[in-house]
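Q: Model the structure of this input:
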Amino acid sequence: MRALRFGLTLVRHGETRYNKEGLLQGQAIDAPLSEVGQQQAEAAGRYLKDVEFSNVFVSDLLRAQQTAETIMKLNSSCSSLHMSLDPLLKEISFGVAEGGRLQDVRDMAKAAGQTFPGFTPPGGETPEQVKERVKEFMVNTLQQLGAEHWHHSTEEETPPSGVEGRADDGVGGVLVHALVVSHGAYMCVLVRYFVEELLCSLPHGSDRTHVFSLSPNTGLSRFVLSLRKEGEEFQLSGVRCVFVHRSDHVRELVHQ
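A: Model prediction:
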């Protein structure tokens, strides 16, 4: 049976003033990147500059758009690509807590016997509601990538390339590779969905506490997925995590 293997590199947006001050943004506060956030985005762009992308999907909030624009500007393969803005990728709504201190929500969650992320402030989205957005985004993306790139499918899946600490780990020679720029709490839900429901395999020795933690600003996570065609529809047949929350480029920035 033919299969299409593709990469998905997930990037959290760069820092904003709200991130720096420990305040929740959610959906209602559409803050731009701070000066540090812009530097982080540029560092991510330099890190990914020679990595080949075929598609770009981005949250429609400003901080994600600015991060994606910077990465695309510095990437050798993105000059002819269109940035697809998708509200399904926007941050979780934190309801009445938006604009308030993150620590206050952590305290609310603790008082309710829950943890954050995972706790829903009044008027906010529940993890299940966010997961439905994740699932809808994935269904749409699988159908789009399958329709656009099925001609790259092969009879046998190529064994995935190993992890060597390179920017193209897992996607060397992979012709279909989507860049996805989103948000920290949303990405927590997406990664948990991949691991717990899609049974995504994790790198050897992975710590699940780290895997399910909040990604740092411009942290990178990469997955390799396989698609099979059934009739006119494309179905997911496998998911593998190459790495999660990689932040080498940000550490280098700090030491400059």
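
Q: Distance-wise, check Asp107 relative to Ser93.
A: According to C-beta to C-beta, to the nearest Å, Asp107 and Ser93 sit 20 Å apart. C-beta: built from backbone N, CA, C; applies to glycine.

Q: With neighbour numbers in mind, choose between those two.
A: Comparing Asp107 with Ser93 by other C-beta atoms under 10 Å, the one with more neighbours is Ser93, at 19 against 12.

Q: thinking the more buried one is in contact with Thr126, fair?
A: No. Counting by C-beta atoms under 8 Å, Ser93 does not reach Thr126; the two are 9.8 Å apart.

Q: which one is Val176 nearest to, not counting chain neighbours?
A: Sequence neighbours aside, Phe6 is the residue nearest to Val176 in space, at 3.7 Å (criterion: C-beta to C-beta, 6 or more residues apart in numbering).

Q: mind listing what that neighbour touches?
A: By C-beta atoms under 8 Å, 6 or more residues apart in numbering, the residues touching Phe6 are 54, 145, 149, 174, 176-178, 224-225, 227.

Q: so how far is stretch 191-210 off the chain centroid?
A: 14 Å (C-alpha atoms, centre = their mean, to the nearest Å).

Q: Now name the helix or strand holding the nearest residue to Thr115 once chain neighbours are set aside.
A: Leaving aside its chain neighbours, Thr115 sits nearest to Ala109 (5.8 Å; criterion: C-beta to C-beta, 6+ apart). Using DSSP states H and E, Ala109 falls within helix 102-111.

Q: buried ones in that helix?
A: Within helix 102-111, the residues scored as buried using 16 or more other C-beta atoms under 10 Å are 102, 105-106, 108-109.

Q: For the stretch 51-200 of the chain, give me the ranges with low pLDDT.
A: Low-confidence segments of the stretch 51-200 of the chain, defined by pLDDT under 70: 156-162.

Q: what about the helices in it?
A: 62-74, 102-111, 127-149, 184-196 (DSSP state H, counting those that start in this stretch).

Q: closest to Phe243 out of the ones you listed?
A: Of all the helices of the stretch 51-200 of the chain, helix 184-196 sits nearest to Phe243, with 11.7 Å by C-beta to C-beta.

Q: what angle separates that closest one from helix 127-149?
A: If you take axes from the mean of the first three to the mean of the last three C-alpha atoms, to 10 degrees, helix 184-196 sits at 70 degrees to helix 127-149.

Q: Next SSE downstream of helix 184-196?
A: Taking DSSP H and E, what comes next after helix 184-196 is helix 208-211.

Q: mind listing what's buried in the following helix or strand past that following helix?
A: Where DSSP H and E defines the elements, the next helix or strand beyond helix 208-211 is strand 220-230. Residues of strand 220-230 classed as buried by neighbour count (16+ other C-beta under 10 Å): 220-229.

Q: The residue nearest to Gln38 when sequence neighbours are not counted and Ala44: what is the separation?
A: The shortest distance from Gln38 to any non-neighbouring residue, by C-beta to C-beta, 6+ apart, is to Gly14 (6.4 Å). With distances taken as C-beta to C-beta, Gly14 is found 8 Å from Ala44.

Q: likewise Glu164?
A: Counting by C-beta to C-beta - Glu164 and Ala44 are separated by 19 Å.

Q: Doesn't His249 belong to a helix?
A: Yes. Counting by DSSP: H, G, I helix; E, B strand; the rest coil, His249 is part of a helix.

Q: Around it, how many other residues sit close by?
A: For His249, the neighbour count with other C-beta under 10 Å is 20.

Q: buried stuff in the top strand by length along the chain?
A: Determined from DSSP state E, the single longest strand within the chain is strand 233-246. Along strand 233-246, these residues count as buried under the neighbour rule (16+ other C-beta under 10 Å): 234, 238-246.

Q: can you give me the end-to-end distance of stretch 14-21?
A: Taking C-alpha to C-alpha, to the nearest Å, stretch 14-21 runs 14 Å from one end to the other.

Q: next one: phi and psi at His183?
A: phi -130, psi 160 (degrees, to the nearest 10).
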